[in-house]
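> with the sequence up front, the predicted model follows.
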Amino acid sequence: MKPIRNKNVTFVDLLDRVLDKGLVINADIIVSVADIPLIGINLRAALAGMETMLEYGVMEEWDKTLRNIAIKERKKIEEKAVEVVV
């Protein structure tokens, strides 16, 4: 089976695919002068939708923390709305 190239792919299709499947970039950069390494940079980046990241166990604590903050803020807003009505 040969891969088929679709020439009508839009940016939205590409972005949807990347967020659904995820994209990981690993890069090691070394800046050297006269074969003497001066600076070393190890770069690691991941790009994916939250559902994909949670599926793979990435950022679970961050997601839980943000959800708890949102719940607390929503309760505060609801309590203020009840005070105004009363």
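Cool, got the structure.
> low-confidence ranges in the chain?
1, 85-86 (pLDDT under 70).
> to the chain's geometric centre, what's the distance from the longest helix belonging to the chain?
Longest helix of the chain, by residue count under DSSP state H: helix 60-85. The chain centroid and the centroid of helix 60-85 are separated by 23 Å under C-alpha atoms, centre = their mean, to the nearest Å.
> stretch 21-38 too?
With C-alpha atoms, centre = their mean, you get 22 Å for stretch 21-38.
> list the buried residues of it.
Gly22 (16 or more other C-beta atoms under 10 Å). The C-beta positions use only the backbone N, C-alpha and C, and glycine is treated the same way.
> with stretch 45-64 instead?
Those would be 48, 52-53, for stretch 45-64 by 16+ other C-beta under 10 Å.
> now Pro19. Nearest residue, chain neighbours left out?
Careful, residue 19 is Leu; it's not Pro. Excluding its sequence neighbours, the residue lying closest to Leu19 (C-beta to C-beta, 6 or more residues apart in numbering) is Gly49, at 3.9 Å.
> try Met50
Nearest one to Met50, counting by C-beta to C-beta, 6+ apart, is Asp63 at 6.8 Å.
> next: Val24.
Using C-beta to C-beta, 6+ apart, the closest residue to Val24 is Ala46 (5.1 Å).
> distance of that neighbour from Ile36?
To Ile36, Ala46 is 32 Å away according to C-beta to C-beta, to the nearest Å.
> and Lys21, by the same measure?
Applying C-beta to C-beta to Lys21 and Ile36 gives a distance of 41 Å.
> for Leu23, what are its contacts?
Residues near Leu23 by C-beta atoms under 8 Å, 6 or more residues apart in numbering: 46-48.
> among these, which are located in strands?
Using DSSP state E to define strands, the subset of these located there is 46-47.
> thinking again about what came up before, which strands and helices lie in contact with the longest helix of the chain?
helix 50-55 (3 or more C-beta pairs under 8 Å, 6 or more residues apart in numbering; DSSP states H and E).
> and which of the contacts of Leu23 is nearest to Val9?
Closest to Val9 out of the contacts of Leu23 is Leu47 (17.7 Å), distances taken as C-beta to C-beta.
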